[in-house]
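1. Here's my sequence, what's the structure:
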Amino acid sequence: MNHETQSAAAADKAHAWHPFTQHADWCAPEHEPLVLVEGEGALLRDSEGREYLDGNSSIWTNLHGHRHPRIDAAIRAQLDRVAHTSFLGFTHPLAAQLAGELVALWSADSLTRVFFSDDGSTAIEVALKMAAQFWQQTGQPQRTRFVAFSGAYHGDTMGASSLGGIPAFHGKFSAWQFPAEHVASMDELRLLDAEKIAAVVIEPLIQGAAGMRLWPRGMLADLRAWCDAHGVLLILDEVMTGFGRTGTMFACEQEGVIPDFIALAKGLTGGYLPLAATLTTERVFSAFLGGPERTLYYGHSYTANQLGCAAALANLAIFREERVLEKLRGQIARFARLLDGLRALPQVVEVRQCGFIAGIELREESGEPFPPERLVGASVCLAARKHGLLTRPIRDVVALMPPYCTTDAQLAQAVEAVALAIGEVCGRPPSR
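-> Now for the predicted structure:
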């Protein structure tokens, strides 16, 4: 290790606490943290000068690549004016413009109001609080229950984690969470008392942290119809799927669904800065008009921060001017052809793809899951680094979600790196 790597690693191990990380392993003397220092396009570079493909778009956030000139310029230009001003009792041109552009992505008179926050978890928190207070102020206070789906992940703040259906993430905090129902299917949802339900929350088309699990086609439209029939609000979590990841600007477009709330984050700024948005309808907004007691008392210090808004506006301009969604169609088809080659590997039980999102599930050749203590998914991702790919697993599912600027050659390299890593970690031992 060079001096920069040694210095950063030592300070990190001494003081930093990383998310979703077991620090007995991280802080072990033999562990060498990967210190990332530069990026350009789909590539990242570490402090030792090694280059890697950003195979999970820096935890599902980066859309157009690192150092995109349009977003870089927008942030620099805004820095010459002001970096942040309060949105509590004030406004600024960028937030107003961004709200208008987000609303314009939807059909007229559907989603008309935008509440800005910081990240995916807070975007969900906003929707939950709005939904709960909406029913209090519209004469149906018995609607206090929220419904989410088995395997769901909607964030780690307390409200969002109450919806979580993955015990490893949220189980230790269940005593402090509000009551939420979890169902595995539409059939189970139909068994509930709908008159007590405030809202149903779902990740449309695909569940991310559940291992890139695909929903049956038509389920989302079925869910929208059920909510309409029973007067239940529908909250869509498009934190991961929004802004082109599934091949359309929003996943729900593929089933002609418009929700009552949609939570957006991650790709909103192109993966540059924390910013989230919760969009809702005029019907919901109108329920909060009146005296002080009807106000939504919720917000964040950096709500609608000016640098984040500048990045988000540049991101939306890139979609318009660089024909991103049109180009994505070809990339998604090429991605599918490359992923097909992984299906022949004996340890690959399933390859799941939704647009520019893929999950490669690994098991024993017998079809049985690997013992959890083997950490096979993590080991495969670690081995892939030697072949120039960075990504993270979801247990024993290897996730691939590259930036949209990834070239055909880079995409092929990413899939080949996964194949080589699987062979190295899971392959049969050589015969003697």
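2. Every contact and neighbour count from this point should use C-alpha atoms.
-> Fine.
3. which residues of the stretch 51-200 of the chain fall in strands?
-> 51-54, 111-117, 145-149, 180-183, 197-202 (DSSP state E, counting those that start in this stretch).
4. Touching the fourth one from outside, list them.
-> Residues outside strand 180-183 that contact it (CA atoms under 8 Å, 6 or more residues apart in numbering): 145-150, 162-163, 165, 189.
5. From the residues you listed, which one has the minimum pLDDT?
-> Lowest pLDDT of the contacts of strand 180-183: residue 165, 88.
6. mind checking which of the strands of the stretch 51-200 of the chain is nearest residue 409?
-> Closest to residue 409 of these is strand 51-54 (CA to CA; 11.0 Å).
7. Tell me the strands beside that closest one, with direction?
-> strand 43-46 (antiparallel), strand 389-390 (parallel) (DSSP bridges).
8. Show me how far it is from its chain's centre.
-> 20 Å (CA atoms, centre = their mean, to the nearest Å).
9. Next: stretch 64-72.
-> On CA atoms, centre = their mean, the centre of stretch 64-72 falls 20 Å from the chain's centre.
10. which residues does residue 240 contact?
-> 60-61, 208, 265-267.
11. Tally up the residues packed near the closest residue to residue 345 other than its chain neighbours, please.
-> Leaving aside its sequence neighbours, residue 345 sits nearest to residue 419 (CA to CA, 6 or more residues apart in numbering; 7.9 Å). Counted with other CA atoms under 10 Å, residues neighbouring residue 419 total 19.
12. Now do the same for residue 419: its pLDDT.
-> At residue 419, the pLDDT recorded in the model is 97.
13. isn't it right next to residue 343, touching?
-> No: contact criterion CA atoms under 8 Å: residue 419 and residue 343 do not qualify, at 9.9 Å.
14. And residue 352, which helix or strand is it part of?
-> Residue 352 is located in strand 348-354, with elements delineated by DSSP states H and E.
15. hang on, I meant residue 377
-> Counting by DSSP H and E, residue 377 is part of helix 376-384.
16. how about the CA coordinates for that helix, as PDB?
-> Only the C-alpha atoms of helix 376-384 are listed here, as PDB (Å, rounded to 0.1, in the frame of the first residue of the first chain):
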ATOM      1  CA  VAL A 376     -20.600 -16.800  -1.100                       C
ATOM      2  CA  GLY A 377     -22.100 -13.700  -2.600                       C
ATOM      3  CA  ALA A 378     -19.600 -11.400  -0.800                       C
ATOM      4  CA  SER A 379     -16.700 -13.700  -1.800                       C
ATOM      5  CA  VAL A 380     -17.800 -13.600  -5.500                       C
ATOM      6  CA  CYS A 381     -18.000  -9.800  -5.400                       C
ATOM      7  CA  LEU A 382     -14.600  -9.600  -3.800                       C
ATOM      8  CA  ALA A 383     -13.100 -12.000  -6.400                       C
ATOM      9  CA  ALA A 384     -14.600  -9.800  -9.200                       C
END
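17. Make residue 1 into 434 and carry on from there
-> Sure, I'll start numbering at 434, so the last one becomes helix 809-817.
18. Show me what that helix is packed up against.
-> Here helix 809-817 touches strand 826-827, strand 830-833, helix 841-859, going by 3 or more CA pairs under 8 Å, 6 or more residues apart in numbering; DSSP states H and E.
19. Could you dump the ones you listed into a markdown table with distance to residue 655 added?
-> A markdown table is the format used below for the helices and strands packed on helix 809-817 (distance: least, CA to CA, whole Å):
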| stretch | distance to residue 655 |
| --- | --- |
| strand 826-827 | 28 |
| strand 830-833 | 28 |
| helix 841-859 | 35 |
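20. Mind checking these for the one nearest to residue 574?
-> Per CA to CA, nearest to residue 574 of the helices and strands packed on helix 809-817: strand 826-827, 38.5 Å.
21. Check what contacts the closest one and list those residues.
-> With CA under 8 Å, 6+ apart, strand 826-827 has contacts from 642-644, 810-811, 814, 832.
22. In the protein, what helix or strand scores lowest on average pLDDT?
-> In the chain, no helix or strand scores lower on mean pLDDT, DSSP states H and E than helix 600-603, which sits at a mean of 86.
23. Strands of the stretch 634-783 of the chain, residue ranges please.
-> 639-640, 646-647, 666-670, 694-697, 709-714, 781-787.
24. Output these in CSV, with mean neighbour count and distance to residue 463 appended to each entry.
-> Shown next, in CSV, are the strands of the stretch 634-783 of the chain (neighbours: other CA atoms under 10 Å; distance: least, CA to CA, whole Å):
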stretch, mean neighbour count, distance to residue 463
strand 639-640, 22, 35
strand 646-647, 18, 35
strand 666-670, 25, 39
strand 694-697, 29, 39
strand 709-714, 26, 38
strand 781-787, 19, 31
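25. so which of the strands of the stretch 484-633 of the chain comes closest to residue 825?
-> strand 484-487 (10.4 Å).
26. Just the C-alpha atoms of the closest one, please, in CSV.
-> Output of strand 484-487 as CSV, limited to C-alpha atoms (Å, rounded to 0.1, in the frame of the first residue of the first chain):
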residue,chain,number,x,y,z
GLU,A,484,-9.4,0.9,-12.2
TYR,A,485,-12.8,-0.8,-11.8
LEU,A,486,-16.2,-0.7,-13.5
ASP,A,487,-18.8,0.7,-11.2
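27. Can you give the contact residues for that strand?
-> 475-478, 818, 821-824, 835-836, 843, 847.
28. State the mean pLDDT of it.
-> For strand 484-487, the per-residue pLDDT averages 98.
29. Pull out the buried positions in stretch 519-531.
-> Neighbour counts over stretch 519-531 (16 or more other CA atoms under 10 Å) mark 520, 527-528, 531 as buried.
30. which two from those residues end up farthest apart in space?
-> Going by CA to CA, the pair spanning the buried residues of stretch 519-531 furthest: 520 and 531, at 13.6 Å.
31. What ranges does the stretch 484-633 of the chain have for its helices?
-> 490-493, 502-512, 526-537, 553-569, 591-595, 600-603, 619-622 (DSSP state H, counting those that start in this stretch).
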